[in-house]
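K.L.:
Here you go, sequence then predicted model.
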Amino acid sequence: MYELLSDPKVIDKLEQEAGKSFQEWSEHHKAAIAGLADGRKETYRKLRRQAATPEPEELELPPTYEEQVGDASYGRHLYATTAVSSRAS
């Protein structure tokens, strides 16, 4: 066992196979993981980050967006409800 673990080629192959196995498992259980509580999802995110080559994480958007109406007007902003053609100086 010591001889195997002292060979860099064996270590590289082992890491590749483990990473491939984790990617397949993660993809298979993606929907179930998405339904978990935030704390549990964070555990899986940490595992992805610990890989030799970290995997990209899924972007999670909030279910709702709240805005407050203020004095400033940004007609071309992503969340603007109406377009403003120009502003008087």
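P.N.:
Good, I have the coordinates.

K.L.:
What residues does the most centrally placed residue in the chain make contact with?
P.N.:
The structure's the chain has its C-alpha centroid closest to E57; by CA atoms, centre = their mean the separation is 2.1 Å. If a contact means CB atoms under 8 Å, 6 or more residues apart in numbering, then E57 has 45, 48-49 as its contacts. Heads up, the C-betas are built off the backbone N, CA and C, glycines and all.

K.L.:
how about the helices in the protein?
P.N.:
Per DSSP state H, the chain carries helices over the ranges 2-5, 8-28, 30-34, 38-49.

K.L.:
For G70, find the nearest of those helices.
P.N.:
Minimum separation from G70 across the helices of the chain (CB to CB) falls at helix 38-49, 30.3 Å.

K.L.:
The closest one - contacts with which helices or strands?
P.N.:
With contacts taken as 3 or more CB pairs under 8 Å, 6 or more residues apart in numbering; DSSP states H and E, helix 38-49 sits against helix 8-28, helix 30-34.

K.L.:
how far off helix 8-28 does that helix point, in degrees?
P.N.:
Put simply, helix 38-49 runs at 150 degrees to helix 8-28, going by axes from the mean of the first three to the mean of the last three CA atoms, to 10 degrees.

K.L.:
Can you tell me what sits against helix 38-49?
P.N.:
So helix 38-49 is contacted by 22, 26, 33-34, 36, 54-55, 57 (CB under 8 Å, 6+ apart).

K.L.:
Let's see that with 10 Å instead.
P.N.:
Contact with helix 38-49 is made by 22-23, 26, 29-30, 33-36, 54-58, 60, as judged by CB atoms under 10 Å, 6 or more residues apart in numbering.

K.L.:
could you dump the helices and strands packed on helix 38-49 to JSON lines with mean pLDDT and distance to V69?
P.N.:
As requested, these are exported to JSON lines (pLDDT from 0 to 100; distance: least, CB to CB, whole Å):
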{"stretch": "helix 8-28", "mean pLDDT": "89", "distance to V69": "42"}
{"stretch": "helix 30-34", "mean pLDDT": "90", "distance to V69": "33"}
